[in-house]
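Engineer: Here is my input; please provide its structure:
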Amino acid sequence: MQTLQDAGRIALAKSLAAMAVHIAWGRGDGAWTAPPANPSNRTALQDEIGRRAVVDVGYAVPGTAQDHDIEMPGQVYYKTSPVPTPFLLLRTTFGFGDAQGETVRECGVFFGTVAKAGVPPGQRYLTPAEVENPGTVYCLEYRSPVLRSGTTKATEEIVIPL
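Structural biologist: Prediction:
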């Protein structure tokens, strides 16, 4: 049996980093009061609200509680890396008005999103009506409900181990 090498994982990370990538938020199921188990067979969010283009694509390496730049749920730590690694780092910040008044219960990473004709070039936030092709969902997470009041920005920071 062949074993995928770190160089191959880095090549995958570089390939993904070169693609259009968006982080999407969804309403999920309105009955969810706590996050249910994340499925592995979804091709879309259950009820997408909108998606924002990732503006910061980089790389990370595992870190420790004492020496880290990024903390993920479950006390998982990473440090940013100036060189490509098998850990792809994605960051974007949803604006004040993005999903205002909506309850966010799900989040997903999509590679290869294509906006519809007529959407201004460079527009970073897209509603489902502005998406021609959603691309491929890479990962998703069901979350505890959060009401977007429109009074704060929200930064999403996701590390994808390859």
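
Engineer: buried sites along the lengthiest strand in the chain?
Structural biologist: In the chain, with assignment by DSSP state E, the single longest strand is strand 136-147. In terms of neighbour count (16 or more other CB atoms under 10 Å), strand 136-147 has its buried residues at Tyr138, Leu140, Tyr142, Arg143. In this view, the C-beta of every residue, glycine as well, is placed from N, C-alpha and C.

Engineer: out of the residues you listed, which one sits closest to Pro36?
Structural biologist: Distance to Pro36, by CB to CB, is smallest for Tyr142 among these, at 5.3 Å.

Engineer: list the contacts for the closest one?
Structural biologist: For Tyr142, the contact set (CB atoms under 8 Å, 6 or more residues apart in numbering) comprises Gly28, Trp32, Pro35, Pro36, Ala37, Asn38, Arg105, Glu106.

Engineer: Quickly list what it is bridged to.
Structural biologist: Note on Tyr142: beta-bridge partners Glu106, judged by DSSP bridges.

Engineer: separation between it and Pro73?
Structural biologist: According to CB to CB, to the nearest Å, Tyr142 stands 12 Å off from Pro73.

Engineer: And the contacts of Tyr142, which is closest to Pro86?
Structural biologist: Pro86 has its nearest neighbour among the contacts of Tyr142 in Asn38, at 21.5 Å by CB to CB.

Engineer: Hmm, the closest one is touching Gly108, no?
Structural biologist: No - using CB atoms under 8 Å, Asn38 is not in contact with Gly108; the gap is 10.0 Å.

Engineer: Show me where this protein has its strands.
Structural biologist: Under DSSP E, the chain gives strands at 21-26, 48-53, 56-62, 70-72, 76-81, 87-94, 103-111, 114-115, 125-126, 131-133, 136-147, 154-161.

Engineer: Sheet partners, orientation included, of the third one?
Structural biologist: Meaning strand 56-62. strand 76-81 (antiparallel), strand 87-94 (antiparallel).
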